[in-house]
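Student: Predicted coordinates and the sequence they were generated for:
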Amino acid sequence: MRRAGLFATAGAVTAFVALAAGALAPMTAGAATSAAAIRGASTSSLYAAGPYRSDTSEAARQATALATSDPDGAAAARTIARYPVATWLGDWTQGTTLTRTIDAAVAGAERTGTTPVFVTYAIPHRDCGGYSAGGFDERTYDAWVDQIVARVAGHRAAVIVEPDSLAMLSNSACSDSLDAQRYRILAREVAAFTAVGVPAYLDAGNSNWVPPAVMAARLENAGVQRARGFFTNVANYYPTAQEQAYAQKVSAATGGSHYVIDTSRNGQGWRGTWCNGPGAGLGTSPRIVTDGSALDALLWVKTPGASDGTCNGGPVAGAWWSASAESLVANARLGSAVASPATTRPAPAVAPTAHRDAVSSAATRRVTVAGWAFDRDDPSRSVTVRVTVGGKVVGTVTADASRPDVDRVHRVGRNHGFRGTVAVSSGRRSVCLTAVGIGRGGDTSMGCVAVSVR
């Protein structure tokens, strides 16, 4: 069932239809009023319980696909899959594929009270012939954007509009005639999203690319006054504090525009190259921010584990690269201090976070289980793992063994691993694991595995 989203009034939808038909000038009073509402809204009202995490993200799919052939790669993918990552829409998502992709994210987010973050990435002359070259012609692109706008109208969502589209205008590979087309296309796009109540963010490169004043001028030409604001650091590695200092200057020069920062790969800072930087780590986990600045959120926009292109040993742009995913997880810095609801308010009661590594039978009438579990309601206490067969409890294991990898990623201490053996009668058995909650958040199922018990 479709439900009305913030600012998605009938008048706003009518404004978009008129705009898409070319009957509404970009700076009518109605459009300006809608823009003022979007630009003035609180972060929490736009993002609700935070960015949406999909159970069918690219990382989640890779975790399943690599489970047998690449266990280490699968483990890294599972770690990445635990966090919200933006959904990219490009020339590979058209027609029914586009609508299904959007609808699935919107429906999933509404079930969890979160906000899906989409990325549009199909602008004409995308990447100016670089590793991610492609995109539509202008007419096709405008029609494609209209389809996206129609699907998100009436729903809570946020849109990252065309990474690199403005910052790359400084690149010699981009023609001088491209500027005017980019400004025209982008201004139309953000106005359309704003008209249906969806916050859109324009490209502002990063802190080491285009000077703030130059970037602010480009943003003005691209219609930032009719958007929520801009984004920085997408697919790059610069530290969050450095990005925020740069973004605050751009914000001040564009009338207080809000912004978001991509922290997907900046856990270890600049790596000497923008393309598949060696030694990079996951950055601060996605969250909304309420620190009194114009920063709305720290997001994972770039898909961690996806290659930047055929550089530094990587596959083609966008392809999954297990070696990169493993490095990002190994070098993760997810707990950077940031003033946000995640760090300024007591955490709600939650179920344990848990993962099953293995279930096997190496001895007669014995099953060995292994994995890790912790409960954020009280990470200092060890979680009990319940083992059941055929609906009956056959034993428990305590998650108190050293797992430094869990601490490195989740910052909850090392002693959250478990490995134990329980008695199970011989035959083909379905062995199920459950992490028993410490607080009021309930339990977490780690699923069941069919095992031939000796």
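Tutor: On my side now, so go ahead. In this text the structure is predicted, and so the values were computed from the model without any measurement. Numbering: from 1, shown residues only.

Student: C-alpha from now on. contacts and neighbour counts both.
Tutor: Will do.

Student: So what's the residue count around residue 360?
Tutor: 17 (other CA atoms under 10 Å).

Student: now residue 440
Tutor: 11.

Student: Looks like it contacts residue 352 (just checking).
Tutor: No - under the criterion of CA atoms under 8 Å, residue 440 makes no contact with residue 352, lying 10.3 Å away.

Student: which residues of this protein score low on pLDDT?
Tutor: Within the chain, the segments meeting pLDDT under 70 span 1-33, 336-349, 408-411.

Student: Leaving out chain neighbours, which residue sits closest to the one residue sitting closest to the centre of it?
Tutor: Central residue of the chain (CA atoms, centre = their mean): residue 85, 1.7 Å from the mean position. Sequence neighbours aside, residue 300 is the residue nearest to residue 85 in space, at 5.0 Å (criterion: CA to CA, 6 or more residues apart in numbering).

Student: The one you found against residue 81, yeah?
Tutor: No - the criterion here is CA under 8 Å, and residue 300 misses it with residue 81 at 11.3 Å.

Student: Neighbour count for these two, which is higher?
Tutor: residue 300 (28 against 22).

Student: can you pull the contacts of that one?
Tutor: By CA atoms under 8 Å, 6 or more residues apart in numbering, the contact list for residue 300 reads 84, 85, 86, 262, 263, 264, 285, 286.

Student: Switch those residues over to TSV; also include secondary structure.
Tutor: Output for the contacts of residue 300, formatted as TSV (DSSP: H, G, I helix; E, B strand; the rest coil):
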residue	secondary structure
84	coil
85	coil
86	coil
262	strand
263	coil
264	coil
285	coil
286	coil
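
Student: quick one: which of those is most hemmed in?
Tutor: residue 263 (33 neighbours).

Student: if I look at it, how far off is residue 280?
Tutor: From residue 263 across to residue 280, the span is 11 Å (CA to CA, to the nearest Å).

Student: Pop out the phi and psi values for the residue in the chain sticking out farthest from the centre.
Tutor: Outermost residue of the chain with respect to the C-alpha centroid, by CA atoms, centre = their mean, is residue 364; its distance is 45.3 Å. Phi and psi for residue 364, reported as degrees, to the nearest 10, are phi -60, psi 130.

Student: Kindly report the same for residue 82.
Tutor: Dihedral angles (degrees, to the nearest 10) for residue 82: phi -80, psi -10.

Student: what do you get for residue 327?
Tutor: phi -60, psi -40.

Student: what sits up against the host helix or strand of residue 230?
Tutor: For residue 230, the host element (DSSP states H and E) is strand 229-232. If you take CA under 8 Å, 6+ apart as the criterion, strand 229-232 is touched by 39, 160, 200-207, 224, 243, 247, 257-262.

Student: Repeat the analysis, applying 7 Å as the threshold.
Tutor: 200-206, 243, 257-262 (CA atoms under 7 Å, 6 or more residues apart in numbering).

Student: Parallel or antiparallel, list what pairs with that strand.
Tutor: strand 200-203 (parallel), strand 258-262 (parallel) (DSSP bridges).

Student: Deepest-packed of these, please.
Tutor: Comparing these by mean neighbour count (mean count of other CA atoms under 10 Å), strand 200-203 ranks first with a mean of 28.

Student: Could I have the CA atoms of the helix or strand just after that one written out in PDB?
Tutor: Using DSSP H and E, the helix or strand that follows strand 200-203 towards the C-terminus is helix 212-221. C-alpha atoms of helix 212-221 as PDB (Å, rounded to 0.1, in the frame of the first residue of the first chain):
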ATOM      1  CA  PRO A 212      34.700  25.600  -2.600                       C
ATOM      2  CA  ALA A 213      33.900  28.900  -4.400                       C
ATOM      3  CA  VAL A 214      34.100  27.200  -7.900                       C
ATOM      4  CA  MET A 215      32.100  24.300  -6.800                       C
ATOM      5  CA  ALA A 216      29.500  26.600  -5.200                       C
ATOM      6  CA  ALA A 217      29.100  28.400  -8.500                       C
ATOM      7  CA  ARG A 218      28.600  25.100 -10.400                       C
ATOM      8  CA  LEU A 219      26.000  24.000  -7.800                       C
ATOM      9  CA  GLU A 220      24.100  27.200  -8.200                       C
ATOM     10  CA  ASN A 221      24.000  26.700 -12.000                       C
END
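
Student: what residues are up against residue 194?
Tutor: Contacts of residue 194 (CA under 7 Å, 6+ apart): 34, 35, 38, 200, 226, 227.

Student: Name the member of these with the most neighbours.
Tutor: Top of these by neighbour count (other CA under 10 Å): residue 226, with 31 neighbours.

Student: Settle this for me: that one is touching residue 35, isn't it.
Tutor: Yes - with contact defined as CA atoms under 7 Å, residue 226 reaches residue 35; the gap is 5.0 Å.

Student: ok, back up a step: of the contacts of residue 194, which pair is most distant in space?
Tutor: Within the contacts of residue 194, 34 and 200 form the most distant pair, 12.5 Å apart (CA to CA).

Student: quick one, helices of the stretch 51-200 of the chain?
Tutor: 58-65, 71-81, 95-112, 138-152, 178-195 (DSSP state H, counting those that start in this stretch).

Student: among those helices, which is nearest residue 219?
Tutor: So among the helices of the stretch 51-200 of the chain, helix 178-195 is nearest, using CA to CA, at 8.5 Å.

Student: buried residues in that closest one?
Tutor: Going by neighbour count (16 or more other CA atoms under 10 Å), the buried part of helix 178-195 is 179, 182-183, 185-195.

Student: Kindly tell me how buried residue 328 is, as a neighbour count.
Tutor: Counted with other CA under 10 Å, residue 328 comes out at 26.

Student: three-state assignment of it?
Tutor: Under three-state DSSP, residue 328 comes out as helix.

Student: ok, now which ones touch residue 88?
Tutor: Here residue 88 is in contact with 118, 119, 120 (CA under 7 Å, 6+ apart).

Student: Kindly recompute the last result at 8 Å.
Tutor: 118, 119, 120, 121.

Student: so residue 373 sits in a strand?
Tutor: Yes - counting by three-state DSSP, residue 373 is found in a strand.

Student: Go ahead and confirm it touches residue 353.
Tutor: Yes - Residue 373 lies in contact with residue 353 (CA under 8 Å); the separation is 5.7 Å.

Student: element containing residue 430?
Tutor: strand 427-436.

Student: Would you mark the buried spots in that strand?
Tutor: Buried, per 16+ other CA under 10 Å, within strand 427-436: 429, 430, 431, 432, 433, 434, 435, 436.

Student: Out of these, which comes closest to residue 253?
Tutor: Of the buried residues of strand 427-436, the one sitting nearest to residue 253 (CA to CA) turns out to be residue 435, at 50.6 Å.

Student: Give me the nearest residue to the closest one, chain neighbours excluded.
Tutor: Closest to residue 435 by CA to CA, 6+ apart is residue 385, at 4.6 Å.
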